[in-house]
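*Asks:* Model the following, please.
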Amino acid sequence: MKSPRISARALVLQQNAVLVTEYEDEAGIWYTLPGGGQQHGEDLICCVQREMLEEVGLEVTVRKIRFVRELINEEGHSVSIIFECQVGCDRAHTPPTNPDSGQVGWKWLELDQLTSHRFYPRKLAQALQNNDDAIYIGNVN
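*Replies:* Coordinates of the predicted model:
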């Protein structure tokens, strides 16, 4: 029996916008929060900090857990822990150290525009727009 894949993601909010990683596939541009899979022996805080450097090139201070998202389908089972993070104004930006396959960049998206873009998971976009305080957002794409 295969274990669920655990990942850590960063939720960085500034002036009514959220930091997202940008990808391109055959259907066009799509977005998600920066983050990725936890490595053996790595705690979740270190995971989200590493992923932010790899995908965005920014160091972050990791705050509280904001959401937990599961995805259970025929391809597998994954659990994402989404941490509220902060980028300090004194933090230097460097180029991403190891962007994901298909990643074309990162950007700030206005919160009120999330549902008009291909942002995943969709339920997270709705929760952010509604300032939802629920932590577990469920088994969602």
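
*Asks:* distance of the most centrally placed residue in the chain from Thr94?
*Replies:* Residue closest to the average C-alpha location in the chain (CA atoms, centre = their mean): Leu33, at 2.3 Å. According to CB to CB, to the nearest Å, Leu33 stands 20 Å off from Thr94. For every residue, glycine as well, the C-beta is placed using N, CA and C.

*Asks:* quick revisit: with adjacent residues omitted, what lies nearest to the residue nearest to the centre of the chain?
*Replies:* Nearest non-adjacent residue to Leu33, counting by CB to CB, 6 or more residues apart in numbering: Arg9, 4.3 Å away.

*Asks:* Okay, buried residues for the longest helix along the chain please.
*Replies:* Criterion DSSP state H: the longest helix present in the chain is helix 44-55. For helix 44-55, the neighbour count (16 or more other CB atoms under 10 Å) marks Cys47, Val48, Gln49, Arg50, Glu51, Met52, Leu53, Glu54, Glu55 as buried.

*Asks:* any idea of the mean pLDDT for it?
*Replies:* Averaged over helix 44-55, pLDDT sits at 96.

*Asks:* ditto for stretch 132-141
*Replies:* Mean predicted confidence for stretch 132-141 is 83.

*Asks:* which residues sit in contact with the residue nearest to the centre of the chain?
*Replies:* By CB atoms under 8 Å, 6 or more residues apart in numbering, Leu33 lies in contact with Arg9, Ala10, Leu11, Val18, Leu19, Val20, Thr21, Ile82, Leu124.
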